[in-house]
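Colleague: sharing a model that was predicted from the sequence below.
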Amino acid sequence: MGGALELEGAFTRAVLDARAEVPAPVVGRQGKSPSRRFAVYRNNVYASLIDVLGSRFPVSARLVGEEFFRAMARVYVAQTPPASPVLLHYGAEFADFVGTFPPASAVPYLACVARLEWAWHRAYHAKDAAPLSLTELAATSETAKQAVLTLHPSLQVVRSEYPVVTIWQLALRDGKDEPARLPAGGEDALVVRPNLDVEVRRLPSGGAYFVMALAAGATLLEAASRASGEAPDFDLEANLAGLMTSGAIAGVAAR
């Protein structure tokens with residue numbers, strides 16, 4: 001059993017490392033060298049993993065072009081092979097990799113777009129939960145300031161110094177390689193899947209601080225105070241209304 005496990009480990013490492021030699025027990029037909037056939041198998045594995053990344057980051061691929069994206073993804077696969085045969089979580093570090101990949105520096109917002117796409121992927125596969133209704137929230141109006149909100153399990157916040165939501169939306173809508181006439185400044189995104197479809201919304205001023213404080217267990221009043229400290233023009237009513245209409249609130253309780 002131990003020998004079989006060792007061979008399996010050596011085979012896996014050799015498949016994912018282009019510099020590795022073919023494991024000694026692996027032989028070709030009629031005693032011939034297995035190097036050529038093994039290289040074909042390795043390329044097929046790489047191509048499959050690159051396809052996985054392409055399906056996870058389609059807007060990123062569109063922004064830089066298919067050829068560049070696949071070359072970049074191949075480097076990522078070589079550096080960060082899957083840790084599990086279950087590929088649902090593969091690509092979690094891709095956005096960070098893009099941010100440090102020198103050839104991608106010509107598209108400075110690419111890592112942020114990839115981070116938004118990964119948030120979309122996580123939201124899509126998150127647990128289901130029923131969004132809180134306006135009636136249920138209104139029932140706690142007397143104690144609202146001390147209320148602790150339970151956010152939807154799919155909720156993600158993506159912060160960016162670039163207009164990442166605008167870039168993402170334009171690329172999806174127009175199908176262009178690179179959006180033109182981008183607004184100045186950064187954008188924060190709220191990503192949530194309250195029902196069947198994942199929604200991506202642009203958070204208003206202070207919204208990211210507000211949501212992250214709520215996610216950390218702060219009361220409504222505490223979260224609003226933190227957001228106001230970071231963004232003087234923070235509007236509690238507008239932000240709360242945005243969370244409600246997006247289905248981002250799943251429960252409420254008084255502290």
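Modeller: Okay, I see it.

Colleague: pLDDT score assigned to residue 152?
Modeller: On pLDDT, residue 152 comes in at 96.

Colleague: what's the burial count for it?
Modeller: Residues lying near residue 152 (other Cβ atoms under 10 Å) number 24. Backbone N, C-alpha and C define where each C-beta goes, glycine included.

Colleague: apart from its chain neighbours, what residue comes closest to residue 72?
Modeller: Counting by Cβ to Cβ, 6 or more residues apart in numbering, residue 101 is the residue found nearest to residue 72 once chain neighbours are left out, at 6.0 Å.

Colleague: and that neighbour, how close does it get to residue 94?
Modeller: 10 Å (Cβ to Cβ, to the nearest Å).

Colleague: between the two, who's got more neighbours?
Modeller: Neighbours per residue (other Cβ under 10 Å) separate residue 101 from residue 94, with residue 94 holding more: 24 against 16.

Colleague: my read is that the more buried one contacts residue 113, right?
Modeller: No: Residue 94 is beyond contact range of residue 113, at 11.1 Å (criterion: Cβ atoms under 8 Å).

Colleague: could you pull out the strands for the stretch 151-255 of the chain?
Modeller: 156-160, 187-192, 199-202, 249-254 (DSSP state E, counting those that start in this stretch).

Colleague: okay, those, which one's buried deepest?
Modeller: Burial of these is given as mean neighbour count (mean count of other Cβ atoms under 10 Å); strand 187-192 ranks first at a mean of 24.

Colleague: can you list contacts of that strand?
Modeller: 116, 119-120, 122-123, 152, 154-160, 162-166, 168, 198-203, 207-208, 211, 242-243, 246-248 (Cβ atoms under 8 Å, 6 or more residues apart in numbering).

Colleague: so it versus strand 249-254, what angle?
Modeller: Counting by axes from the mean of the first three to the mean of the last three Cα atoms, to 10 degrees, strand 187-192 lies at 90 degrees to strand 249-254.

Colleague: what lines up beside strand 187-192 in the sheet?
Modeller: Strand pairing for strand 187-192, using DSSP bridges, gives strand 156-160 (antiparallel), strand 199-202 (antiparallel).

Colleague: possible to save the ones you listed as TSV with distance to residue 69 and mean pLDDT?
Modeller: Output for those, formatted as TSV (distance: least, Cβ to Cβ, whole Å; pLDDT from 0 to 100):
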stretch	distance to residue 69	mean pLDDT
strand 156-160	20	97
strand 199-202	21	96
